[in-house]
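Undergrad: Show me the folded form of this:
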Amino acid sequence: MSADALAGLFRARSVALVGATDRSIWSTAAFANFGRLGFTGRVHPVSRKGGIVHGLPAATSCAAIGEPVDAALLMVPEGAIAEAFADLNAAGIRNAVVLTSGFAETGAEGAARQAALLAAARAEGVTLLGPNCLGFINYADRVPIWTTQPPMPVIQGGRIGVVSQSGATAGFIAAFAQRQGIGLSYQVSTGNEADVSVARVVDFLVEDPATRVIGLFLETVHDAPLLAAAARRALAAGKPIVAIKIGASETAARAAEAHTGSLVGDDRVFDAVCRQLGIIRVACIEDLVFTAGLLAQVGHVRDRRLGLVSISGGVCEMAADQAEAASVAVPRLAEETRAALKQVLPAFGTANNPLDVTGGAMLDPALFARSLPAFAADPAIGLVACFMDVPDTPEEIEGYRGTILRQIGEGFRAAGKPGLLLSVMSRPVTEAGRALLDETGISYLGSGVLHGLGAIGRAFAWAERQERGVPAIAAPPVPSGERPRGEHATLAYLGARGVPVVPMTLARSAGEAVAAARALDGPAVLKVASPDIAHKSDIGGVLLDLRGEAAVAAGFERIVSSARVAKPQAAIDGVLVAPMRAGAGIELFVGVLRDPLWGPAVAVGLGGIWVEALRDTAIRLLPVTPEEVLEMFSELRGARLLDGYRGMPGIDRQAAAEAVARIGDAALALGPALVSLEVNPLRATAEGAEALDALALFEEGA
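TA: Prediction:
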């Protein structure tokens, strides 16, 4: 679906309310919203009975309206939807919002009804939002096709586009934003997403001039490739996406399935997608609204070193703690800055970052106007965050609290650097408070210390990610047509694809094993070679550090015997003979999986038994570059082991990253029949990296 198709829906200038009736709360609210939002187009109630509905003459059908109509809101029962669509076609209406439920969210029969609805829409070229959705509000153009009352009064000039698969949650987000004095550009409920998905709306909002930040509430992703492409474009355009994605827990996954008829994909893969594509993931509505609200006000912060200012030493200390938790740098002040501050602070004040301007500001509010420029002049500070609650009432605004805010505004203007005011505790912003903020030009979050510093940390991390650029999309490798079975064949395949692999010889007899070990000029490792045995160590199929011909010969017989006892049906090709790798090194795990939503992804972590014990892995969608793999290494909890720990030498990260990237490319070349490819371990040392074991699994029959 093109962006033009969505523009025709979201910027409709005439709307038919199909199934309009004064007895329905949905219909009544939808009609009232046109007045509440100041819609200047035409509204046409449509009712089979005709008459007067919502104070206007009602047409008996869309075709009977007698003039062009841009969009229709369908509020008829599920059984009447087919007839309503036929009427839309007769009237030439090509955009529809379907409030009606009873489709995929109800199970298999409902899913079949939804498929028929989509087929009818596509047959007639109708852009369909829903079914089972509350609609949308385009605040920028004052177009509300929304079936509950939005928060009032509307905050003009909002820059955040909110898209939610849950209509009620979209309403909660909008209501909380309104209470915080944060305006929206769009509020879209996508419901079951038979046609218009969250991904399509994001794709539209990336180009929308009224939208500076995009906020999402996701239960699942119906068009992962489009969402990924839209996220790439948003990152390139400097338009942040802030997302809540449920489904991290088993309970949430069941709830989402019952609510939308959708399955929730692997949450850790989605988390990796966010890291890779610059999507800011948050866990709650508060963090979504405050993070989006901050970014809508300050945009991309280039210098991400934070100065903290408060009238309270205790708040300064809390803010410093939260800044550290949010990975935000709070630098020490230069001596020149400290000297300048001593000239304006009371004698009992201390020039530090965080800066306590002291209670002296209660008697002399101009202390803020004098200290903020001197503080912000420090060359190590890029953004100043000052803590002070915005007054609520006209009386407070005319009193000393209003005076303090005006002095802070004057200090920010004179500072010459970005400034942000944060409340001490989370609190709403009244109309009077918003008017004072408009007067002073102060950027403000009523977030409190915890949510405010978290929002700053996320905004800083997004800016850093955006500066690194959009990940390049490499051309997919040419399919190899190969299906390597077993360790020996898989390692041979990887080696042919440029992955460093340990040299290995397949021995079919004890004599061949002895000859192969003799050529190694050192201790040997023996492993059973069988495409039917995945976990060789579990059945006694691996022997390490064998020295001498007698040990190797006995080891061959022992491995074959153990394998035949443990897996009597397994095909045994022989025994693999490889050099024993000893000494300093780190074992890494590299695994490729195919996510049902996002496609092939690669996971990297500490190898051997630790990958399961620690569950410490970093994930990216394939293909990956060595530079992206280096980022993955830095995300591991055990990352410092890679650089040496307690006398152990570090590894060559670049060589290991190149090996991982080549493993990913090799996996892609195996095509869609690949279920998983594991290299465990990939041994990394200061000299390079080498795959010691590998296994590829394919779909049955592939």
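Undergrad: does E512 sit in a helix, a strand or a coil?
TA: Here E512 is recorded as helix under DSSP: H, G, I helix; E, B strand; the rest coil.
Undergrad: What average pLDDT does the longest helix along the chain get?
TA: For the chain, the longest helix by residue count, based on DSSP state H, is helix 448-468. Mean pLDDT, helix 448-468: 97.
Undergrad: for stretch 402-411, same thing?
TA: 96.
Undergrad: Likewise for stretch 85-96?
TA: For stretch 85-96, the mean confidence score works out to 95.
Undergrad: Equivalent analysis for stretch 246-256, please.
TA: pLDDT averaged over stretch 246-256 gives 55.
Undergrad: quick revisit: return the distance of the longest helix of the chain from the chain's centre.
TA: Once both centres are worked out by Cα atoms, centre = their mean, to the nearest Å, helix 448-468 turns out to sit 14 Å from its chain's centre.
Undergrad: which of the residues in it are buried?
TA: For helix 448-468, a neighbour-count test (16 or more other Cβ atoms under 10 Å) marks 448-463, 465-466 as buried. Bear in mind the C-beta positions are built from the backbone N, C-alpha and C, glycine included.
Undergrad: right, and the helix or strand after that helix?
TA: Counting by DSSP states H and E, the next helix or strand C-terminal to helix 448-468 is helix 486-496.
Undergrad: Against which helices or strands is that following helix packed?
TA: strand 524-529, helix 653-669, strand 694-698 (3 or more Cβ pairs under 8 Å, 6 or more residues apart in numbering; DSSP states H and E).
Undergrad: And for P479, the neighbour number?
TA: Neighbour count for P479, taken as other Cβ atoms under 10 Å: 11.
Undergrad: doesn't A673 make contact with it?
TA: No - the pair P479 / A673 is not scored as a contact, 10.0 Å apart, by Cβ atoms under 8 Å.
Undergrad: The stretch 551-700 of the chain: strands as residue ranges?
TA: 574-579, 586-595, 599-606, 617-621, 674-684, 689-691, 694-698 (DSSP state E, counting those that start in this stretch).
Undergrad: could I get those as TSV with distance to Q407 and mean pLDDT?
TA: Compiled in TSV, the strands of the stretch 551-700 of the chain are given as follows (distance: least, Cβ to Cβ, whole Å; pLDDT from 0 to 100):
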stretch	distance to Q407	mean pLDDT
strand 574-579	74	94
strand 586-595	54	91
strand 599-606	52	91
strand 617-621	47	90
strand 674-684	57	92
strand 689-691	59	96
strand 694-698	67	91
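Undergrad: Among the ones you listed, which comes closest to A120?
TA: Smallest distance to A120 across the strands of the stretch 551-700 of the chain (Cβ to Cβ): 30.5 Å, for strand 599-606.
Undergrad: Name every strand pairing with that closest one and say which way it goes.
TA: Strand 599-606 has its sheet partners listed here by DSSP bridges as strand 586-595 (antiparallel), strand 617-621 (antiparallel).
Undergrad: Could you dump the strands of the stretch 551-700 of the chain into JSON lines and include distance to I244 and mean neighbour count?
TA: Putting those into JSON lines (distance: least, Cβ to Cβ, whole Å; neighbours: other Cβ atoms under 10 Å) gives the following:
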{"stretch": "strand 574-579", "distance to I244": "48", "mean neighbour count": "24"}
{"stretch": "strand 586-595", "distance to I244": "20", "mean neighbour count": "22"}
{"stretch": "strand 599-606", "distance to I244": "21", "mean neighbour count": "23"}
{"stretch": "strand 617-621", "distance to I244": "20", "mean neighbour count": "22"}
{"stretch": "strand 674-684", "distance to I244": "30", "mean neighbour count": "23"}
{"stretch": "strand 689-691", "distance to I244": "38", "mean neighbour count": "24"}
{"stretch": "strand 694-698", "distance to I244": "34", "mean neighbour count": "21"}
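Undergrad: Since that was my last question, I'll sign off now.
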